[in-house]
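Undergrad: below are the sequence and a predicted model; questions follow.
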Amino acid sequence: MKKLSKIFAVASICLAMTQAADAANLENLPSYDEWQEHASHILKFYLVDDAKGKEDGYFPTWRCDNGKLRNKKACEGEGDTSWVSKIWHLDFTRMLSRQTFAYGALFNLTGNKEALRLHKAGVKFLLERAMRKDGGFYSLFEEGKPVTDSEIFAENPQDLSYALVGLAMNAYLTGDKKTISAIIKAKDYIFDNYYDKDKGFLIWSKKDTYFDKMSQEELVAQLDQLNAYMLLTWRMLPDNSRKEWGEKMKEVVEIINTKFYNEKQKRFNGCTDNPSCFDIEKGKHLDYGHRVKSYWMEYMTALGLDDKDLIEFSKNGMIDVHKKAVSANGYEFFGDELFNGASWWVCAELNQTALTLALTGDNDIPNTLYNVLNNETDKEYGEVKFGGGKAHFWRNGFHSSEQALIGTILSNALRQKECSDDKCFKDNSTTLYFAPANEETMTYTPYLYSGDIIKKTNTDWIVAVTFDNINLPKKVD
């Protein structure tokens, strides 16, 4: 597709993208069974022996697209590996944690007991071997041992936030007080050690390394605090902690909008420490994924705070991104303003936010979900494809499993809103699986959203919870 034709195509569909969701495009929503099949294909990539690691819970960072361990060598059919050969001896805590999240999300969706076992093994490793006594985490491991001093990578707030994403999923699935306490301690470590009062934001690094510089000013250092653990954990916190937690989240939003938001361009700068940060061709994180995720995280935070001005700002921002991101055929997304194709994670963020907007009729139900299920799912080896490279130091099951979870929850919710009879309404209820540490104190929600609990079934310490009337999250009290 030539760039000029892409531009004309995008312009022609902008009006259609602003129409409210209605029964006419419910056909764009995969069925519950189709989402379950998709989840099983993702899970396949993470249930092979090579995905589980040589030690319980120590999940490997590097695997080939057929699921086999890379073992510090090129994968079959792979091209130039010089970009990665210097670091493929390292395992990254953020990736171990993201895989722990994926096991939890896929258990939540399917009830698969092996996924739950592996999720708990990952949580155990994170708490007992990756987390330090001061509340921080070792960012790197080599052969199962923490790397305490690296000249290649430095500790930074983004890595620390993603070290918590697997624990946040565990807090949601189990309500375990030990996990929640660890998250609170880690949050305090991050803000105590990386928030610079004079600069007014979370700094990036405390030392210069090959990849990390003290001078960096990064959007993701702030944004991923919300994305990785603060939103999902918020409702699971003790009563006396939720208000303070919400105030801290609002502070993060204010940092993002004061330091990184470009009002004229309606976008967030990925960095602010050098001129290239503001160049659409050279700038870091100016893609639609970071942009829509920023608005989405602010929107979900605003709903929890009942901040009407922030709700309106962030909602309109998401709508604006979606007007620009849908491709000519309405079946795919562009990844950025240069009309490059969307990567696996940008597509996931755009699909998740499109469905969120459709809940209130602020966006048409997208026809992009079937592209993922039909064209971008590897049914032989598992996971989604989008060009390959399924498991490395910045990719594993986090985004694909979250997309499957949100896709299932909100597809059912949107169909249920259009039901005119009891059978349809019942057929589009959503059942999710939990493993509460204490059922009496457990808080059940359909992930980041709200819903009415109509049924709970307890079998072998697993609780199947069925929700109706799933909608946007409610205010956090």
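TA: On my side now, so go ahead. Residues are numbered from 1 along each chain as shown.
Undergrad: and the pLDDT at residue 23?
TA: On the pLDDT scale, residue 23 is placed at 49.
Undergrad: same question for residue 148.
TA: For residue 148, pLDDT reads 94.
Undergrad: and it, what element?
TA: Assignment of secondary structure by DSSP states H and E places residue 148 within no helix or strand.
Undergrad: got it, and residue 338?
TA: Using DSSP H and E, no helix or strand contains residue 338.
Undergrad: that one: how many residues sit nearby?
TA: 11 (other C-beta atoms under 10 Å). Where you see a C-beta, it was placed from the backbone N, CA and C, and this is true even at glycine.
Undergrad: distance of residue 42 relative to residue 373?
TA: 11 Å (C-beta to C-beta, to the nearest Å).
Undergrad: more neighbours: those two, which one.
TA: Under the criterion of other C-beta under 10 Å, the comparison of residue 42 against residue 373 puts residue 42 first, with 24 against 17.
Undergrad: so how far is residue 199 from the more buried one?
TA: Counting by C-beta to C-beta - residue 42 and residue 199 are separated by 40 Å.
Undergrad: also residue 301?
TA: Counting by C-beta to C-beta, the gap from residue 301 to residue 199 is 22 Å.
Undergrad: counting neighbours, go ahead and name the busier of the two.
TA: residue 301 (24 against 11).
Undergrad: by contact count, what packs against the strand or helix carrying that one?
TA: According to DSSP H and E, residue 301 maps onto helix 288-305. Counting contacts by 3 or more C-beta pairs under 8 Å, 6 or more residues apart in numbering; DSSP states H and E, helix 288-305 packs against helix 219-225, helix 231-234, helix 239-255, strand 267-268, helix 308-325, helix 344-358.
Undergrad: that helix versus helix 344-358: what angle between them?
TA: 40 degrees (axes from the mean of the first three to the mean of the last three C-alpha atoms, to 10 degrees).
Undergrad: and stretch 360-370, what's buried?
TA: 362, 363, 364, 365, 366, 367, 368, 369, 370 (16 or more other C-beta atoms under 10 Å).
Undergrad: can you name the two of the residues you listed that are farthest apart?
TA: Farthest apart among the buried residues of stretch 360-370 by C-beta to C-beta are 362 and 370. That separation is 21.6 Å.
Undergrad: so for the helix holding residue 301, mean pLDDT?
TA: Computed over helix 288-305, the average pLDDT equals 98.
Undergrad: go on, stretch 66-80?
TA: 92.
Undergrad: any chance of JSON lines for the helices and strands packed on helix 288-305, columns mean neighbour count?
TA: Listed next are those as JSON lines, based on neighbours: other C-beta atoms under 10 Å:
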{"stretch": "helix 219-225", "mean neighbour count": "26"}
{"stretch": "helix 231-234", "mean neighbour count": "23"}
{"stretch": "helix 239-255", "mean neighbour count": "16"}
{"stretch": "strand 267-268", "mean neighbour count": "25"}
{"stretch": "helix 308-325", "mean neighbour count": "19"}
{"stretch": "helix 344-358", "mean neighbour count": "25"}
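Undergrad: for the ones you listed, give me TSV that also has distance to residue 297 and mean pLDDT.
TA: As requested, these are exported to TSV (distance: least, C-beta to C-beta, whole Å; pLDDT from 0 to 100):
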stretch	distance to residue 297	mean pLDDT
helix 219-225	6	98
helix 231-234	7	98
helix 239-255	8	97
strand 267-268	11	97
helix 308-325	8	97
helix 344-358	10	98
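Undergrad: residue 285 is nearest to which of the ones you listed?
TA: Here helix 219-225 is closest among these (C-beta to C-beta), at 5.9 Å.
Undergrad: contacting residues around residue 29?
TA: 365, 369, 411, 414, 415 (C-beta atoms under 8 Å, 6 or more residues apart in numbering).
Undergrad: oops, could you answer that again for residue 331 instead?
TA: 367, 368, 370, 371.
Undergrad: on that earlier part again, of the contacts of residue 29, just say which sits nearest to residue 405.
TA: The closest of the contacts of residue 29, once distances to residue 405 are taken by C-beta to C-beta, is residue 411, at 11.0 Å.
Undergrad: am I right that residue 87 is in contact with residue 152?
TA: Yes: with contact defined as C-beta atoms under 8 Å, residue 87 reaches residue 152; the gap is 6.4 Å.
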